[in-house]
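> give me a 3D structure for the following:
(2 chains)
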Amino acid sequence: MASKAMRAPVGLRLLTTGFVVFWLIIAAFPFLWTFWGSFKVELDFFSIADWTDALTGTNTERTHGAPFTGAGYHGAWVQEEFWRASLNTAIVCLFVVCTSLTIGTLGGYALSRSGFRYTFWLLIIALIFRAIPPITLVSGYLLPFFEWNVWGILPTAIIVLVAINQPFTLWMLHSFFQSIPKDLDESAKVDGCTQFQAFRLVIVPVMWPGVITTGLFSFLLAYNDFAVTTMLLSESNRTMVPAIAAFLGTTQTEGNVMFAVAAVVSATAPLFVLVLLFQRQIVSGLTAGAVKG
Amino acid sequence: MKHRTFFWFFLPTGLAMLLFIAAPLVSIVTQSVFAPHEPVLVTVENCTPFSCTEETTIDRAATRVLRDEEPLGRFVGIDIYLDRNHLAVAEVAEVWRAADSIGDFVSELGDLPFYRAMAFTLTYTFTVTPLLILLGLAIALAVNALAKWLKGLVIFFSLLPMIVTPLVGSLILFWMVDNRGILGNFLSWVLNDPDLSVKASTPLMWISLIVYGIWSSAPFAFVVFYAGLQTMPEDQIEAAKIDGASRWQQVRYIVVPHLMPLVTFVALIQLMDNFRVLEPIVGFQAQAHAQSLSYFILSDLGGETQQLSSAAATSVMTVICVAILLSPVLVRTWRDFKGKI
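Have a look, this model is predicted:
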């Protein structure tokens, strides 16, 4: 909107700015509010008497002597051992991202370089697999996993998440590799490289932007997953999301709600940093599928 | 690329999908036609000198032998699909006979768990999807008119509801609309009803779940549409202006048609994703008011007695529904592919 003729009239500009501000409040206020409230006691954050208690922290001051308290965080991280859950999440995410990128890159590269008809059908099958809700697959896993005695441990959840991740990874990397000119690896092959050498020496050095974007989405899938981690992990191996869900079951006693609030804020923090650092990649990843598909 | 090379490159990912996506699909179909064995009962006659009493006990050894011989359970065909917790054919027929009107029939149908879950899932999917597209479009148009330095900031905050873990996002909203939370307080003040509670009211619960759905998915639509607006050819807009089109007409006849392929894309993706709605129901603790098909499966799996057969039957039906929703995408992809050859 560079030229002056394209400028909107003042009324319209006020309207659009107002709408953006309205949307920003809707999008961001819940997070700010919960972050603020996580440093209060339950009577303040969930106030029947007077909602301004949550701002001033009247009851928090009465209980802890200051308007802010880390009691919720202490309860969640130390008393309820939330650190264990976050460690598990870190392990699961690390392995899921690495494994699914490794095998996804090989598969996506092969799909983009093979001109045969079956690549189309493989991509279609991947699309169908992408659409299937994970919870329906979970009901198929339980019986065999009990039978083989692999239920409840982290490696099982990691492998399952990698597999569920594959369809999306394949689509994303397939379209990314197609944007890399075929001449690059063709000429390497003319020079005597095998297909794998061409991939390793020519494609690997230039593929990182696409791989990083895909990796971000693999990470988000593993980090945000509820169905698989809740149903396939035993209590001692829980990751953050099922741990938060478990807090909900024990909200009867006072204080536990604030543990859950603190845990929720803690689980949001890494995502906040992630968006801060990788905003451009996330946006380009979201739009890549749309613009092509 | 040769077939052999392709095979080796594709093997790891193909194997992962085969073992953990294709095989479980076969597994749920099998599980859904087998029911667990009922315990073998034996009747023992205990006789005392004066009288005889009959006692029925579970023959543990025989039950175990039976279970070891046929670990899948007994074959029941499609009985599980037709029972009261799923399609409830017998009950539906009865309701149909007893009902006076269509409205009566529909409301009676709502008492059957599967149909109740189906009703919520479909309502959620088909209200959230159009509304989030409209909201996303509105945000994209508004942000596009902003100054450049503001755009990055707005996009950053807009991404948050979408990026955040669904369970976490739904909890954050739920704590706010709780009758002791800030939005709950605000609502009861506006409506002047101090007893107003989202937790206790089915319509309010449905509305909150739908609001959550829109809140969490609108950013996706926004980002996609915003990217589409960047590729908008300016000369078309200028031409329309010269022809005297008002701003509204420019949006209606030039911008929206330009974005139409993206609208279809977002709609199809969101239909599939909203159909699997699960986490908000857990987060809002809404199971008494609203159940989705996914939640139905989760509660079958997570209960004290794991009802694997029942969960499997619901899963199969969910997959069929997803396939129906997906069919337009498949047809479109097929046409594109044909076009390329």
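> going by secondary structure, B:Thr56 is in what exactly?
Using DSSP states H and E, the element containing B:Thr56 is strand B:52-58.
> quick one, strands of the stretch 51-200 of chain B?
B:52-58, B:74-75 (DSSP state E, counting those that start in this stretch).
> I'd like the distance from the longest one to the chain centre, please.
It stands for strand B:52-58. Its chain's average C-alpha position is 48 Å from that of strand B:52-58, according to CA atoms, centre = their mean, to the nearest Å.
> ranking the strands of the stretch 51-200 of chain B by mean pLDDT, which is last?
Mean pLDDT across the strands of the stretch 51-200 of chain B is lowest at strand B:52-58; the value there is a mean of 79.
> show me what that strand is in contact with.
Residues from elsewhere that reach strand B:52-58, judged by CB atoms under 8 Å, 6 or more residues apart in numbering or on different chains: B:Pro39, B:Val40, B:Leu41, B:Val42, B:Thr43, B:Val44, B:Glu45, B:Asn46. All C-beta atoms are positioned from the backbone trio N, CA, C, and that covers glycine.
> ok, those vs B:Leu209, which is closest?
B:Pro39 (40.4 Å; CB to CB).
> correct me, but the closest one touches B:Arg64?
No. With contact defined as CB atoms under 8 Å, B:Pro39 does not reach B:Arg64; the gap is 9.9 Å.
> you'd agree B:Lys25 is in a helix?
Quick fix: residue B:25 is Leu, not Lys. Yes. When classified by DSSP: H, G, I helix; E, B strand; the rest coil, B:Leu25 is found to be part of a helix.
> surely it touches A:Gly140?
Yes. Between B:Leu25 and A:Gly140 there is a contact under CB under 8 Å: 6.6 Å.
> which one of those two has more residues nearby?
Neighbours per residue (other CB atoms under 10 Å in any protein chain shown) separate B:Leu25 from A:Gly140, with A:Gly140 holding more: 26 against 18.
> list the contacts for the more buried one?
Counting by CB under 8 Å, 6+ apart, the residues that A:Gly140 touches are B:Ala23, B:Pro24, B:Leu25, B:Val26, B:Ser27, B:Ile28, B:Gln31, B:Ala312, B:Ser315.
> can you list contacts of the lowest-mean-pLDDT helix or strand in chain A?
Ranking every helix and strand in chain A by mean pLDDT, DSSP states H and E puts helix A:53-56 at the bottom, with a mean of 79. With contacts defined as CB under 8 Å, 6+ apart, helix A:53-56 is touched by A:Trp36, A:Gly37, A:Lys40, A:Leu43, A:Asp44, A:Phe45, A:Ser47, A:Asn59, A:Pro67, B:Ile182.
> got the buried residues for the helix or strand just after that helix?
For helix A:53-56, the following helix or strand on the C-terminal side (DSSP H and E) is helix A:58-64. Across helix A:58-64, burial judged by 16 or more other CB atoms under 10 Å in any protein chain shown covers A:Thr58, A:Asn59, A:Thr60, A:Glu61, A:Thr63, A:His64.
> just those residues now: which is nearest chain B?
A:Asn59 (12.5 Å; CB to the nearest CB).
> burial of the residue nearest to that closest one when sequence neighbours are not counted, as a residue count?
Spatial nearest neighbour of A:Asn59, excluding adjacent residues (CB to CB, 6 or more residues apart in numbering or on different chains): A:Leu43 at 4.1 Å. A total of 20 residues lie near A:Leu43 under the criterion other CB under 10 Å.
> report pLDDT for A:Leu43.
81.
> what's in contact with the host helix or strand of it?
Secondary structure assignment for A:Leu43, by DSSP H and E: helix A:42-45. With CB under 8 Å, 6+ apart as the test, helix A:42-45 has contacts from A:37-38, A:53-54, A:57-60, A:254-255, A:257-258, A:261, B:175, B:181.
> can I get that helix as CSV, trimmed to CA atoms?
Presented in CSV, the C-alpha positions along helix A:42-45 are these (Å, rounded to 0.1, in the frame of the first residue of the first chain):
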residue,chain,number,x,y,z
GLU,A,42,-6.2,-19.8,44.5
LEU,A,43,-8.6,-17.4,46.4
ASP,A,44,-7.2,-14.5,44.4
PHE,A,45,-7.0,-16.1,40.9
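> tell me how far the closest residue to A:Gln178 other than its chain neighbours lies from B:Ala62.
Using CB to CB, 6+ apart and skipping residues adjacent in sequence, the residue nearest A:Gln178 is A:Ser112, 4.7 Å away. Distance, A:Ser112 to B:Ala62, by CB to CB, to the nearest Å: 59 Å.
> okay, those two: which has more neighbours?
In terms of neighbours (other CB under 10 Å), A:Ser112 is the more surrounded of A:Ser112 and B:Ala62; the figures are 21 against 13.
> against A:Asp185, how distant is that one?
On the measure of CB to CB, A:Ser112 and A:Asp185 end up 10 Å apart.
> so what's A:Glu235 up against?
A:Ala246.
> and if you look at the one 4 residues further on?
Residues touching A:Thr239, when contacts are defined by CB under 8 Å, 6+ apart, comprise A:Ala85, A:Asn88, A:Thr89, A:Val92, A:Ala157, A:Thr229, A:Leu233.
> center of chain B - which residue?
B:Arg276 (2.0 Å; CA atoms, centre = their mean).
> then chain A?
Closest-to-mean residue, chain A, CA atoms, centre = their mean: A:Leu220 / 1.7 Å.
> for the closest residue to that residue other than its chain neighbours, give me the pLDDT.
Excluding the flanking residues, the one nearest A:Leu220 by CB to CB, 6+ apart is B:Ile163, at 6.7 Å. On the pLDDT scale, B:Ile163 is placed at 92.
> B:Ile163 reaches A:Val275, doesn't it?
Yes. The criterion here is CB under 8 Å, and B:Ile163 meets it with A:Val275 at 5.6 Å.
> overlap in contacts, those two.
A:Ile282.
> just checking, what packs against the host helix or strand of B:Tyr295?
Using DSSP H and E, B:Tyr295 sits in helix B:293-302. When contacts are defined as 3 or more CB pairs under 8 Å, 6 or more residues apart in numbering or on different chains; DSSP states H and E, helix B:293-302 packs onto helix A:134-148, helix A:227-232, helix B:113-144, helix B:279-283, helix B:308-340.
> tell me what the second one is packed against?
Okay, so that is helix A:227-232. The helices and strands touching helix A:227-232, judged by 3+ CB pairs under 8 Å, 6+ apart, are helix A:134-148, helix A:154-178, helix A:240-249, helix B:293-302.
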